[in-house]
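[1] Okay, predicted coordinates and the sequence, questions at the end:
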Amino acid sequence: DAGVIQSPRHEVTEMGQEVTLRCKPISGHNSLFWYRQTMMRGLELLIYFNNNVPIDDSGMPEDRFSAKMPNASFSTLKIQPSEPRDSAVYFCASRILAGEGNEQFFGPGTRLTVL
Amino acid sequence: DAKTTQPTSMDCAEGRAANLPCNHSTISGNEYVYWYRQIHSQGPQYIIHGLKNNETNEMASLIITEDRKSSTLILPHATLRDTAVYYCIVRRTINTGKLIFGQGTTLQVKP
């Protein structure tokens, strides 16, 4: 099992540019989460999907952020336009949506730096 | 979801048991206690969870008090690789998976 795959692992961009982060969940998992981690705010949930449908996007900072899950094996988080305050590590996680107590498996993260 | 309180940091000697406390005095009957950890520069990793009974797996043991207002995560023989931030999270059973991470406890295992 390859685990949750995220790409790129590192991204450096300039303010105003569009940034797209990608995530491939573990095969068979049907719930996917996007988190952001900064020193100031810690680990925050941005949005999550069940069976490719967005369930809760209340953590998405503003309209510059958007997330999609076109199929069960792929999700994107897009920032347009990017700003320096978006600099953070972005994690994707997946789990099996069945019963209680099913843990989330996290990817290695994408470290985003916006100059 | 109930709020949790954890010490900011703890030290433990290598080979000794690490006991990490968590207070969740407002926990309700249908809320589980979860523990995750995050080793530096990696994504969080699930450790263990429980509802009422004590739980044990290959990584750790979880001791929940009878009133469920607090719990302790026990790493029986801590190694240097257990140095990490440990998060205690309380989640409702009807919730579809949303985890709210606090600041956690930074555990430093020393040789």
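    Good, I have the coordinates.

[2] Strands along the chain, start to end?
    Let's take chain A. For chain A, applying DSSP state E gives strands covering A:5-7, A:10-13, A:19-24, A:31-38, A:42-50, A:53-56, A:65-71, A:74-79, A:88-95, A:105-106, A:110-114.

[3] Sorry, I should have been clearer: chain B.
    Counting by DSSP E, the segments of chain B that form strands are B:9-13, B:18-23, B:31-38, B:45-50, B:55-56, B:61-64, B:70-75, B:84-92, B:105-110.

[4] Could you work out which of those strands reaches nearest to chain A?
    Chain A lies closest, by Cβ to the nearest Cβ, to one member of these: strand B:45-50, at 3.5 Å. Backbone N, C-alpha and C define where each C-beta goes, glycine included.

[5] can you count the residues close to residue B:52?
    11 (other Cβ atoms under 10 Å in any protein chain shown).

[6] Let me see the contact set for the residue of chain A found nearest chain B.
    The minimum distance from chain A to chain B, using Cβ to the nearest Cβ, falls at residue A:106 (3.0 Å). Contacts for residue A:106 (Cβ atoms under 8 Å, 6 or more residues apart in numbering or on different chains) come out as A:4, A:35, A:91-93, B:42-45.

[7] again, but for residue A:53
    Counted by Cβ under 8 Å, 6+ apart, residue A:53 has contacts residue A:69.

[8] Please tabulate the strands of chain B in a markdown table, including the columns mean neighbour count, distance to chain A and mean pLDDT.
    Conversion of those to a markdown table gives the following (neighbours: other Cβ atoms under 10 Å in any protein chain shown; distance: least, Cβ to the nearest Cβ, whole Å; pLDDT from 0 to 100):
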| stretch | mean neighbour count | distance to chain A | mean pLDDT |
| --- | --- | --- | --- |
| strand B:9-13 | 14 | 15 | 97 |
| strand B:18-23 | 20 | 16 | 97 |
| strand B:31-38 | 22 | 6 | 94 |
| strand B:45-50 | 19 | 4 | 94 |
| strand B:55-56 | 15 | 10 | 96 |
| strand B:61-64 | 19 | 12 | 97 |
| strand B:70-75 | 20 | 15 | 97 |
| strand B:84-92 | 22 | 8 | 92 |
| strand B:105-110 | 17 | 12 | 97 |
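
[9] Which one of these lies nearest to residue A:14?
    The closest of the strands of chain B to residue A:14 is strand B:31-38. By Cβ to Cβ, the value is 29.4 Å.

[10] Within its sheet, name the partner strands of the closest one and how each one runs.
    Note on strand B:31-38: by DSSP bridges, its sheet partners are strand B:45-50 (antiparallel), strand B:84-92 (antiparallel).

[11] Between those, which one is closest to residue B:7.
    Each of the strands paired with strand B:31-38 has some distance to residue B:7 by Cβ to Cβ; the shortest is strand B:84-92, at 10.0 Å.

[12] Show me how far that closest one is from its chain's centre.
    Relative to its chain's centre, strand B:84-92 lies at 5 Å (Cα atoms, centre = their mean, to the nearest Å).
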